[in-house]
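Visitor: kindly generate the corresponding structure for this input.
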Amino acid sequence: MPRTAIFIPAYQAELTLASVFERIPEAFWPEVERVFVINDGSTDGTDQTARDLADKYPRVEVATQAENRGYGAAVRKGLKLCLESGADYVVCLHADGQYPPEKLPEFVPYMAKHGIDVLQGSRHKDGTARAGGMPMYKVIAGHTLTALENWTFGLRMTDYHSGFMLYSRRAVETIPFDELSTYFDFDLEVIASARARGLVVDELGIPTHYGDEESHLNPIWYGLRCLRVMLKYRLGRYA
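Guide: So this is what the prediction gives:
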């Protein structure tokens, strides 16, 4: 049975963090080595909520960063801790509950069966984006960027911009995460680095959920940074 570690980047997630834990299927918990909550300088009650969860769930550890260092920096921290835990697979769950913990019993065995190194949850693969409340401008912008990204990376993905990411141990040991962005384009840089190193990248469909959670992503700045990642890849900067 593969050993899985989960990390949860958490910023201002006092109201949603506990529900993410509650949604992890009970049958999957025996496969979970550790769950690391990375509190990225939250100023609300995120830290206390995380520590309450650590009291409730014995395998939960809290890592608190005194200042908000950005999404990519929180993910770097989580990946490092999961690698040290000895896990075979590493999962990034978001603290706002937008991505489905319910899919873990499907995703991890799929990676093991098919030799996948980086597996991303796609909100477009099963056609759920609009039904799940994704704004039309994000659908259009996402499709446009995805077409460019497929051409750049030589893949046939439907969604490069979901934060539901799973990693094999080989990927965590191979990709130089400390050299990647501290912003939200970190995940795209992971795919660029994985492709440059011959690692296997794939996707599976996930349901789309847009609720009342606050987004900390500037879509214009994010889009420009994605274009920058593609240019860097074409120039061989991720090899």
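Visitor: for this protein, what helix or strand is lowest in average pLDDT?
Guide: helix 136-153 (a mean of 84; mean pLDDT, DSSP states H and E).
Visitor: same for that helix, what does it pack against?
Guide: helix 186-196, helix 219-234 (3 or more C-beta pairs under 8 Å, 6 or more residues apart in numbering; DSSP states H and E). C-beta here means a position set from N, CA and C on the backbone, and glycine is covered the same way.
Visitor: hey, which of those is tucked in deepest?
Guide: Of all these, helix 186-196 carries the top mean neighbour count, a mean of 23, counting by mean count of other C-beta atoms under 10 Å.
Visitor: next secondary structure after that one?
Guide: strand 201-205 (DSSP states H and E).
Visitor: what ranges do the strands span in the protein?
Guide: 4-10, 32-40, 60-65, 89-92, 118-122, 165-168, 201-205 (DSSP state E).
Visitor: any idea how far Y222 is from the residue nearest to N39 when sequence neighbours are not counted?
Guide: Nearest non-adjacent residue to N39, counting by C-beta to C-beta, 6 or more residues apart in numbering: T64, 4.4 Å away. Going from T64 to Y222 by C-beta to C-beta, to the nearest Å gives 26 Å.
Visitor: any regions of this protein where pLDDT drops low?
Guide: The chain contains residues with pLDDT under 70 at 127-135, 137-141, 209-216.
Visitor: so who does G70 touch?
Guide: D40, T182, Y183 (C-beta atoms under 8 Å, 6 or more residues apart in numbering).
Visitor: surely the first one and R69 touch.
Guide: In other words, D40. Yes: the pair D40 / R69 is scored as a contact, 6.1 Å apart, by C-beta atoms under 8 Å.
Visitor: which of the two has more neighbours?
Guide: D40 (27 against 16; other C-beta atoms under 10 Å).
Visitor: what bridges to the more buried one?
Guide: With DSSP bridges as the criterion, D40 is bridged to Q65.
Visitor: just the residues contacting the least confident helix or strand of the chain, thanks.
Guide: Against helix 136-153 from outside (C-beta under 8 Å, 6+ apart): 124, 129-130, 155-161, 188, 191-192, 195, 201, 219, 223, 226-227, 230, 233-234.
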